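>>> Pasted the sequence and its predicted model underneath.
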Amino acid sequence: MSKKGKDEPNIRDPGRRNLLKAGAVAGVSAALGVPPVAHANGGQGGGSLARKSRDRELTLVNGKIHTMDDRNSVVSSVTIRNGRVESVGGWGWSSGGRGEVIDLRGRTVVPGLIESHTHFVSLANRPGYHVAQWELANNVAEVLALLAARRARGDVPEGQFITAMGAGTPRTFAELRLPTLAELDAAVPDRPVFLYQGGGGPARTNTLGKQFFESATAPLAGPVVVGADGSIVTVAGVNHANRALYHLRVRQTFEDKKRSALDAQAFSASVGITAVLDQTLVAAATGTLDPASLDPQPTHALFTLNHYRMYDAWLALHGEDRNLIRLQINFLHNQGFIPELGGLDKQLPELRERLKNQFQFFGDDMLRTGAIGEWAAPFATPANANGYAVWLEAQRLCAQARWRNENAQAGSPTSTDNIEQVVATYEAMDAEFGIKDLRWGLQHADHATPGQLARLKALNCGVSMSGFRWLNGVPRTDGLPVGPLFPQIIASGIPAGLHEDGVHIAPHNPWFGLHYATTGLNVLGQQINPGQQISREQALHAYTRGNAWYLNREDELGSIEKGKLGDLVVLDRDYFSVSDADMRKIRPILTVVDGEVVHDSGVLRRDRRHDGR
């Protein structure tokens, strides 16, 4: 599945085990209470075919391993062989001394967490030497420490930017602001720095960045306006944060993009996410199928990329067997009613071609396609006749082609009309085509009524509940819950997952979403979802087995059981017993994907005496 081109050299595979080298970030991470983060600049190693051809075995012993099986079994050991769970609860080690044994020393282990709604490909395409960890910082000082640690690793060439973007900041920081130019200069004086807030700016830079942006030129844009304090904002209707982003994007090489994809995966592993169902990005809604028309523009926000090309680096890494986590790709289509295309039969050209030429659920254990994600066409109500006709036609096309399909609607405490439109349309599609075996879905579903949930369940649909309101949610003046109505959704018995909807409007870190689902508290400690809490076990089930169902992979992922894929996370504290405040701060000390350690904080002294390599 690798796409080789003249600008894509075939690099020897360093092997995923060699991607765990920790640098100076370890020290600052310890200072912040964050374990060191695996990153992706390891040295050369043996070829992937040689590595994969030998028996691989990993045994974890002396732990509290929550399997999340049907009995909620807790065992002390597990063995993973050649990427799959070989034995659970007994000393299953059988390789004659060729495997690795890790003593967990009583640590809590859970299955690898799965994201059922994310826009992870954006994080995997960040320009510069990106610091995704800034979403874990509590204040400006910690942001500055992370930036300084990134510089201290010593691999950022002169003139290259250190960047941090998205994640919904700065609401996560105590000061509710980004660092100033002077603060950035003090932290990183000899490399340009660029911070970009949320999905559309504003942004902030340091002195070297200011000098670059104020003189930058590119085919479609001139210099960027930068304030004396390093601020980059909208001036005279021009979003200069997006213009600055454009200048960095057009200078990215393919090797830059591969590094960015690996760094994003290493961060994912460091917070315990081992598989993502990517919903791609909101594409520019043109009527053309020409990929070149979607190349970076000075007006493009962080959430806009060329959706034909944005997985190329990941595909190349997959061909080299270098990816750290599992990716499943849903396809979001943003073509609404486009008058110049003509009648309804000429609308939705991209969706029509997708359904005719793409395979669903095609690939392997590490990388595969999904189906239609978040929406097949922008949602529109009957009041918008043309938009509604196109949206309805998109549902019909998916049903007729026998594709899985999703819509994202949340509703509110005072109106569930949009959810009702989705449910009624699904029922109509089932009556006309039969969709019960297709597993259609409703994303967010915050205020779906018990009746609506029952009707969706009867159609064999699922829901993916949103945890991202932890960041931007505020208490309603009427005291009603912001949502989702978690207990009501769980009680309905409908297949239910939990997601963060990162990485623009919310962080990628799943422990924030788990904290919100179990407490109802936002980032400021305010109660915004009164009476709508679920248990920690229910929330974890949603992030593991519930999300595995949403990926159509419940037979492979979501629990630690014999025959399933070997993905698990060793935690720095006990998820089931720590305080609410500490639960939000959980970080993995070890993350395993496909039976290989892809994140290691160094807390456990790993015993390699039985590693035959």
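Perfect, thanks for sending it.
>>> hey, which helix or strand in this protein has the poorest pLDDT?
The helix or strand of the chain with the poorest confidence is helix 48-53; it has a mean of 38 (mean pLDDT, DSSP states H and E).
>>> Would you mind giving the secondary structure of residue 424?
The three-state label for residue 424, taken from DSSP: H, G, I helix; E, B strand; the rest coil, comes out as helix.
>>> what about residue 289, which helix or strand?
Secondary structure from DSSP states H and E places residue 289 outside every helix and strand.
>>> residues contacting it?
For residue 289, the contacting residues are 349-350, 353, by CB atoms under 8 Å, 6 or more residues apart in numbering. The way it works is simple: take the backbone N, C-alpha and C, and place the C-beta from them, glycine included.
>>> Need the residues you listed in TSV (columns: neighbour count, distance to residue 90 and secondary structure).
TSV is the format used below for the contacts of residue 289 (neighbours: other CB atoms under 10 Å; distance: CB to CB, whole Å; DSSP: H, G, I helix; E, B strand; the rest coil):
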residue	neighbour count	distance to residue 90	secondary structure
349	16	56	helix
350	21	52	helix
353	11	52	helix
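>>> ok, these vs residue 273, which is closest?
Lowest distance from residue 273 to these (CB to CB) belongs to residue 350, with 28.9 Å.
>>> quick one: contacts for that closest one?
289, 333, 335 are the contacts of residue 350 under CB under 8 Å, 6+ apart.
>>> Would you mind measuring from residue 511 to residue 566?
Applying CB to CB, to the nearest Å, the value for residue 511 to residue 566 is 22 Å.
>>> What of residue 586?
Taking CB to CB as the measure, residue 586 falls 21 Å from residue 566.
>>> do residue 133 as well
When CB to CB is applied, the distance between residue 133 and residue 566 equals 26 Å.
>>> can you count the residues close to residue 425?
For residue 425, the count of nearby residues is 17 (other CB atoms under 10 Å).
>>> Skipping adjacent residues, who's closest to it in space?
Once flanking residues are discounted, residue 425 sits nearest to residue 395: 5.5 Å by CB to CB, 6 or more residues apart in numbering.
>>> which residues are in contact with the helix or strand where that neighbour lies?
Per DSSP H and E, residue 395 falls inside helix 385-400. Counting contacts by CB under 8 Å, 6+ apart, the residues outside helix 385-400 that touch it are 333, 335-337, 339, 344, 347-348, 351-352, 355, 372, 375-382, 404-405, 425-426, 429-430, 432-433, 435, 438.
>>> Following element in sequence after it, please.
Past helix 385-400, heading to the C-terminal end, the next element that is a helix or strand (DSSP H and E) is strand 406-409.
>>> So what touches that following strand?
117, 330, 371-376, 379, 418-419, 421-422, 440-445.
>>> Next: stretch 247-261.
When contacts are defined by CB under 8 Å, 6+ apart, stretch 247-261 is touched by residues 5, 7-9, 40-41, 124-130, 161, 163, 194, 212-213, 216, 218-219, 221, 224, 296, 300, 312-314, 316-317, 323.
>>> Could you list which of these belong to helices?
Judged by DSSP state H, helices contain the following of those: 212-213, 312-314, 316-317.
>>> What ranges does the stretch 151-300 of the chain have for its helices?
Counting by DSSP state H, counting those that start in this stretch, one finds helices in the stretch 151-300 of the chain at the ranges 181-187, 207-215, 240-249, 254-270.
>>> Let me have these in JSON lines, adding mean neighbour count as columns.
Listed next are the helices of the stretch 151-300 of the chain as JSON lines, based on neighbours: other CB atoms under 10 Å:
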{"stretch": "helix 181-187", "mean neighbour count": "19"}
{"stretch": "helix 207-215", "mean neighbour count": "18"}
{"stretch": "helix 240-249", "mean neighbour count": "25"}
{"stretch": "helix 254-270", "mean neighbour count": "24"}
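>>> so can I have a markdown table of these showing mean pLDDT?
Converted to a markdown table, the helices of the stretch 151-300 of the chain look like this (pLDDT from 0 to 100):
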| stretch | mean pLDDT |
| --- | --- |
| helix 181-187 | 98 |
| helix 207-215 | 98 |
| helix 240-249 | 98 |
| helix 254-270 | 98 |
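>>> Select, out of the ones you listed, the one closest to residue 489.
helix 254-270 (25.7 Å).
>>> May I have the closest one as CSV, with CA atoms only?
Written as CSV, here are the backbone C-alpha positions of helix 254-270 (Å, rounded to 0.1, in the frame of the first residue of the first chain):
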residue,chain,number,x,y,z
PHE,A,254,8.0,14.3,2.3
GLU,A,255,10.6,13.3,4.9
ASP,A,256,9.3,16.0,7.1
LYS,A,257,5.8,14.6,6.8
LYS,A,258,7.0,11.1,7.6
ARG,A,259,8.7,12.4,10.7
SER,A,260,5.6,14.2,11.7
ALA,A,261,3.5,11.0,11.3
LEU,A,262,5.9,9.1,13.5
ASP,A,263,6.0,11.8,16.2
ALA,A,264,2.2,11.9,16.2
GLN,A,265,2.0,8.1,16.6
ALA,A,266,4.6,8.2,19.4
PHE,A,267,2.5,10.7,21.3
SER,A,268,-0.6,8.6,20.8
ALA,A,269,1.2,5.6,22.3
SER,A,270,2.4,7.8,25.2
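>>> tell me the angle of that helix relative to helix 240-249?
Orientation note: helix 254-270 sits at an angle of 110 degrees relative to helix 240-249 (axes from the mean of the first three to the mean of the last three CA atoms, to 10 degrees).
>>> circling back to that earlier point, inside strands: which ones of the contacts of strand 406-409?
The members of the contacts of strand 406-409 that map onto strands under DSSP state E are 117, 330, 371-372, 441-444.
>>> Just name the closest of the residues you listed to residue 242, please.
Ranking the ones in strands among the contacts of strand 406-409 by separation from residue 242, with CB to CB as the measure, puts residue 117 on top at 24.5 Å.
>>> Cool, thanks, talk later.
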